[in-house]
Structure formats: structure tokens, C-alpha cells
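In: Generate coordinates for the sequence data below:
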Amino acid sequence: MTAVARQHELDPKMVLRWSRELNRKDLDQLDEASMKQAKFVPTAEDYAQLEKENEKLSVK
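Out: Residues are numbered from 1 along each chain as shown. Next comes the predicted model:
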């Protein structure tokens, strides 16, 4: 786990704490839908905003 922490430039103690929190007993009581992470689906507006940001950055 410490190798993963170093790879992502994180404090190993923080990664170990996250691991302990994930092993909490109350997580067993959650249903599958509650444990799934939301998926980000960019919209056309998101892409337009990114294009504007890229243009601003490339001009500088």
C-alpha cells in the first residue's frame, strides 16, 4: 500500500487510514447501488468550456 501511496504522491498514513475506513463494518449494511460511484458524463457544454480554457492557455 505504501508503494501505491508513493506512486500517487500521497502520504502513506492517509492511504492506510482510507483502507481502514473501507473495512468498516457498517459498509456491509449498504446495498450494491449505494456503493457504486457516480460516473461523470461530459455534456456538450462541458466540452465547449474546455475548448475555451484550452484556447486561453494556448494564447499565453
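In: what is the mean pLDDT for the regular element (helix or strand) spanning Arg6?
Out: Assigned by DSSP states H and E, Arg6 belongs to helix 2-7. Taken as a whole, helix 2-7 has a mean pLDDT of 79.
In: how much distance is there from it to the middle of the chain?
Out: 16 Å (C-alpha atoms, centre = their mean, to the nearest Å).
In: Let me see the residues that make contact with the next helix or strand after it.
Out: Following helix 2-7 in sequence order, the next helix or strand is helix 12-22 (DSSP H and E). With contacts defined as C-beta atoms under 8 Å, 6 or more residues apart in numbering, helix 12-22 is touched by 1-2, 4-6. C-beta coordinates here come from the backbone N, C-alpha and C atoms, glycine included.
In: Quick one: buried ones out of those residues?
Out: Ala5 (16 or more other C-beta atoms under 10 Å).
In: where are the low-confidence patches of the protein?
Out: Filtered on pLDDT under 70, the chain yields the residue ranges 1, 24-38, 60.
In: So what's the residue count around Val15?
Out: The number of residues packed near Val15 is 16, by other C-beta atoms under 10 Å.
In: With only the CA atoms kept, save the longest helix that the chain contains in CSV.
Out: The longest helix of the chain (DSSP state H) is helix 44-59. Extracted C-alpha coordinates of helix 44-59, given in CSV (Å, rounded to 0.1, in the frame of the first residue of the first chain):
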residue,chain,number,x,y,z
ALA,A,44,-21.6,19.5,-25.0
GLU,A,45,-21.4,22.5,-22.7
ASP,A,46,-18.6,20.9,-20.7
TYR,A,47,-16.6,20.3,-23.9
ALA,A,48,-17.2,23.9,-25.1
GLN,A,49,-16.0,25.2,-21.8
LEU,A,50,-12.8,23.0,-22.0
GLU,A,51,-12.2,24.3,-25.5
LYS,A,52,-12.4,27.9,-24.3
GLU,A,53,-10.0,27.1,-21.5
ASN,A,54,-7.5,25.5,-23.9
GLU,A,55,-7.7,28.4,-26.2
LYS,A,56,-6.9,30.8,-23.3
LEU,A,57,-4.0,28.7,-22.2
SER,A,58,-2.5,28.3,-25.7
VAL,A,59,-2.6,32.1,-26.3
